[in-house]
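>>> Need coordinates for the following:
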Amino acid sequence: MDERFTIDGARAAATAGELRQWVADFLASPGSDNAELGAQLQRTYPWWLGPVELPIDQLQRLAGPPGQPVLETLEEDEWRDDVDDLAAGVAEGELPAPVVVTYHDGQLHLEDGNHRVEAIRRAGADRAWSVVGFDDEPDLDRFFAGSGGANAPLPRSTPL
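This next block holds a predicted model:
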């Protein structure tokens, strides 16, 4: 695993005020291969917070296996074979890369990390390390206030 794209790597980027760029770089990296999403999120969400642990049941998943609350249900055979391997690693204490979440209309939308969240769920855990994008600072402040200040103080990555 590329050490830049770990929880510690995201934390270092946030401390340096570069979490927004970290998200774009992470999504463009091998394995994610989604530079287009990274560029879109970088344009649309100038404010970033994290990494922070979020309850996976609060994440509005965009895709997932049957029986899970998602916007699009995928057949079980459409899930990568490595979800079970990821789950085994999580159960043994390995931490996957943070998932990428956006906040709008008071909801957390899982933009990248559906497989990681599923692996976390299968491993019996209920929280995922996440980086969260906001389209404006008031939303960021509302989210942070609503979290009870958990994990405070968290570095924020601000617009350029």
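>>> what element comes up after the helix or strand of the chain with the lowest mean pLDDT heading to the C-terminus?
None of the helices or strands of the chain scores lower by mean pLDDT, DSSP states H and E than strand 70-73, at a mean of 46. On the C-terminal side of strand 70-73, the closest following helix or strand by DSSP states H and E is helix 82-91.
>>> any idea of the mean pLDDT in that following helix?
Here helix 82-91 scores 81 as its mean pLDDT.
>>> chain center to the helix or strand harbouring residue 128, what's the gap?
Assigned by DSSP H and E, residue 128 falls within strand 127-134. Strand 127-134 sits 4 Å away from the centroid of its parent chain (C-alpha atoms, centre = their mean, to the nearest Å).
>>> next one: stretch 18-35
Mean-position distance between stretch 18-35 and its chain equals 12 Å (C-alpha atoms, centre = their mean).
>>> Just the endpoints, please. Distance across it?
One end of stretch 18-35 sits 17 Å from the other (C-alpha to C-alpha, to the nearest Å).
>>> Kindly report the same for stretch 119-128.
Using C-alpha to C-alpha, one end of stretch 119-128 lies 10 Å from the other.
>>> can you list contacts of that stretch?
Residues outside stretch 119-128 that contact it (C-beta atoms under 8 Å, 6 or more residues apart in numbering): 53-57, 59, 68, 83-84, 86-91, 96, 98-99, 113, 116-117. Where C-beta positions appear, they are placed from N, C-alpha and C, glycine not excepted.
>>> Got a PyMOL select line for the buried ones in those?
PyMOL command restricting the contacts of stretch 119-128 to the buried ones, with burial defined by 16 or more other C-beta atoms under 10 Å:
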select buried, resi 53+54+56+59+83+86+87+90+96+98+99+113+116+117
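>>> Pull the contacting residues for the closest residue to residue 3 other than its chain neighbours.
Leaving aside its sequence neighbours, residue 3 sits nearest to residue 9 (C-beta to C-beta, 6 or more residues apart in numbering; 5.8 Å). By C-beta under 8 Å, 6+ apart, residue 9 lies in contact with 2-3, 22.
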